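In: Provided below for reference: sequence and predicted model.
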Amino acid sequence: MLEFKNVTYRTEEGKEILSDISLQIDDRFVAVTGPNGSGKSTMAKLIAGIYTPTSGKIYLDGEDITDLSITDRARRGVSFAFQQPVRFKGITVKDLISMAAGKKISVGEACAYLAEVGLCAKDYVNREVDGSLSGGELKRIEIAMINARGTKLSVFDEPEAGIDLWSFHNLIQVFRSMYERTHGTILIISHQERILDIADKIIVVSGGKVTAYGAKNEILPELLNVQSGCRFTREVCD
Amino acid sequence: MDAIQKNLLEQIAGIHEVPQGAYSLRVNGALYGKNDSENITIVKKTDKSGIDIYVKPGTKNESLHIPVLLSQTGLKELVYNDFHIGEDCDVTIVAGCGIHNSGSGESEHSGIHSFYLAKGAKVKYIEKHYGEGDGSGKNVMNPTTVAILGEDSYMEMETAQIKGVDSTKRNTSAKLASGATLIVREKIMTHGNQFAETDFTVDLDGEDCGTHVVSRSVAKDNSRQTFLSHVRGNNRCSGHTECDAIIMDDAQVTALPQIEANHVDASLIHEAAIGKIAGEQLIKLMTLGLTEKEAEEQIINGFLK
């Protein structure tokens, strides 16, 4: 489905963020985790085409997409939910969901996507996606857009960031239902044990390298035993 | 009316033929037609070019259209339109000017609109400016609006200049009595070598009157824009002025919002922001499958919506 072949990414200043990453993703629900600054978001941006690798290749269903633009990748079925959603003056929630769906949609259709992410649709559908929406609301709208796109690969960069604990349970449900309902591949960058727990496979990135990659049952217990960061998330979730 | 004139009418007023109800239609420097309604009377001025409009007190939910069309190149005109709005009216006035200039002469329309709102009157005033034509002659529009708002009256003014006007100087001044409210929403897009200047002066004279003057604009190519606003709080009142501009290419934008408090209970705010389209906005829309150009259009359309 998705393959990284010897992918290295260096910033313009020459700092190496990802070093010679090679991996193949074929499972339908894969979580990427690792410490802050390990290069997880960079991986997501390389997939979406926001960054281009300094060296190496990226393949989507066997096609070399390394040099394709963001637009071309989006049209080939890559969706990307930002960690920090973008605000737009004058563009409404319905406008954005229509653009995501790639066609004009009815209020009813827009509402269905919003209801799925726990937003009371009629309150939101005509709201502008501007500073009047909270961070948590924006994150959910971001997920609703990915649902509206319904592409073969959906990449989420820390979807839990900015979502309150009460909504967190619903967020898990959203991903569960996305997994059951769609046929696409879901790739989630996350620090949350409960998100990692619903994945088929987990990739651990640390210091710009993939340090572990395997079935959830193998990777998760190890992570919970070793990493202090995960102990924190466990306490919060419990 | 010919096809060009009909298109201009659609651009500025959203209609294809002469409007329903009260209207005054001016084509190529002369009165083309007018119609009174039971409550709205239009009288041609005798001492100068223009009309007087009288709206009877208590008139509710009526609209008035006063479009101006210019399709003859090189025509220059100055028109005075005075609106006398009776007590407790609630009316919508749709004005606007469309110029089609396919020749080499400069076409210019300058309209001086004066509004006199009696006590409790409510007016929604919509004004659109549009220019087109492939000639080398320039399309020039210099609208002046004067609004005298009586006690507890309310005026909402929506102005839009989206395309084809080479040069514009818009001058708006208002005086508000006690309890009156003035809302101004301006939208401007300039491209090519166009120039647009807007200048608002609002005197908040009466107790508890208030205004919001909000301008959103997009400046493309080599165009230049200047936004000036001067809100004076002369009593217990509230005033807010805001200019938000997107700058592109080699354009220039100047914003000079000015607030002046002449009373201790005057509460005044000004905001001004100029910036290019944020890169992350473009990227977000591109990840939805839009090209960079399509993303830019969506962002601008939303901003000026």
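Out: Yep, it's here.
In: quick one: B:E10 is in a helix?
Out: Yes - secondary structure of B:E10 (DSSP: H, G, I helix; E, B strand; the rest coil): part of a helix.
In: What sits closest to it if chain neighbours are left out?
Out: Leaving aside its chain neighbours, B:E10 sits nearest to B:H16 (5.8 Å; criterion: Cβ to Cβ, 6 or more residues apart in numbering or on different chains). Heads up, the C-betas are built off the backbone N, CA and C, glycines and all.
In: can you pull the contacts of that neighbour?
Out: B:6, B:9-10 (Cβ atoms under 8 Å, 6 or more residues apart in numbering or on different chains).
In: and it, helix, strand or coil?
Out: Going by three-state DSSP, the state assigned to B:H16 is coil.
In: and the residue of the stretch 201-305 of chain B nearest chain A?
Out: Minimum separation of the stretch 201-305 of chain B from chain A (Cβ to the nearest Cβ) falls at B:G302, amounting to 3.6 Å.
In: in chain B, which spans are helices?
Out: B:3-13, B:279-286, B:292-303 (DSSP state H).
In: meant to ask about chain A
Out: Shown for chain A, the helices assigned by DSSP H span residues A:40-48, A:70-75, A:93-101, A:107-116, A:121-124, A:135-149, A:165-181, A:193-196, A:216-226, A:228-237.
In: and chain A, which residues reach chain B?
Out: A:48, A:50, A:69-71, A:74-75, A:78-80, A:82, A:85-86, A:88-92, A:95-96, A:99-100, A:102, A:145, A:149 (Cβ under 8 Å from any Cβ of the partner chain).
In: again, only using 7 Å
Out: Neighbours of chain B within chain A, by Cβ under 7 Å from any Cβ of the partner chain: A:48, A:50, A:70-71, A:74-75, A:79-80, A:82, A:86, A:88-91, A:95, A:99-100, A:102, A:145, A:149.
In: now the residues you listed: which count as buried?
Out: Buried residues within the residues of chain A next to chain B, counting neighbours by 16 or more other Cβ atoms under 10 Å in any protein chain shown: A:48, A:50, A:70-71, A:74-75, A:79-80, A:82, A:86, A:88-91, A:95, A:99-100, A:145, A:149.
In: What are the contacting residues of stretch A:73-83?
Out: A:41, A:44, A:47-49, A:60, A:65, A:142-143, A:146, A:149, A:151-159, A:161, B:284, B:286-289 (Cβ atoms under 7 Å, 6 or more residues apart in numbering or on different chains).
In: Now which of those residues would you call buried?
Out: A:41, A:44, A:47-49, A:60, A:65, A:142-143, A:146, A:149, A:151-159, B:284, B:286-289.
In: Format the helices of chain B as CSV; extra columns: distance to B:G150 and mean pLDDT.
Out: Shown next, in CSV, are those (distance: least, Cβ to Cβ, whole Å; pLDDT from 0 to 100):
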stretch, distance to B:G150, mean pLDDT
helix B:3-13, 28, 85
helix B:279-286, 43, 96
helix B:292-303, 34, 95
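In: So which of the ones you listed is nearest B:Y80?
Out: The closest of the helices of chain B to B:Y80 is helix B:3-13. By Cβ to Cβ, the value is 19.4 Å.
In: worst-scoring helix or strand of chain A, pLDDT-wise?
Out: In chain A, no helix or strand scores lower on mean pLDDT, DSSP states H and E than helix A:228-237, which sits at a mean of 46.
In: B:S238 is in contact with B:S267, correct?
Out: Yes - here B:S267 reaches B:S238: they are 4.8 Å apart, a contact under Cβ atoms under 7 Å.
In: Could you check which of those two has the larger neighbour count?
Out: B:S238 (18 against 15; other Cβ atoms under 10 Å in any protein chain shown).
In: Pairing partners for that one in the sheet, please.
Out: Note on B:S238: beta-bridge partners B:G210, B:S267, judged by DSSP bridges.
In: Next to chain A in this structure, residues from chain B, please.
Out: Neighbours of chain A within chain B, by Cβ under 7 Å from any Cβ: B:280-281, B:283-291, B:298-299, B:302-303, B:305.
In: Identify the residue nearest A:G34 in space, chain neighbours excluded?
Out: Counting by Cβ to Cβ, 6+ apart, the residue nearest A:G34 is A:V205, at 3.9 Å.
In: again, but for A:M145
Out: Nearest residue to A:M145 in three dimensions, chain neighbours excluded: A:A100, at 4.0 Å (Cβ to Cβ, 6+ apart).
In: contacting residues around B:G58?
Out: Neighbouring residues of B:G58 by Cβ under 7 Å, 6+ apart: B:86, B:88-89.
In: try B:A174
Out: B:147, B:149, B:182, B:202-203.
In: Point out the ones among those residues that are inside strands.
Out: Among those, the members falling in strands (DSSP state E) are B:147, B:149, B:182, B:202-203.
In: Now pLDDT and neighbour count too, for those residues, in CSV please.
Out: Below are these laid out as CSV (pLDDT from 0 to 100; neighbours: other Cβ atoms under 10 Å in any protein chain shown):
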residue, pLDDT, neighbour count
B:A147, 98, 24
B:L149, 98, 30
B:L182, 98, 26
B:V202, 98, 28
B:D203, 98, 21
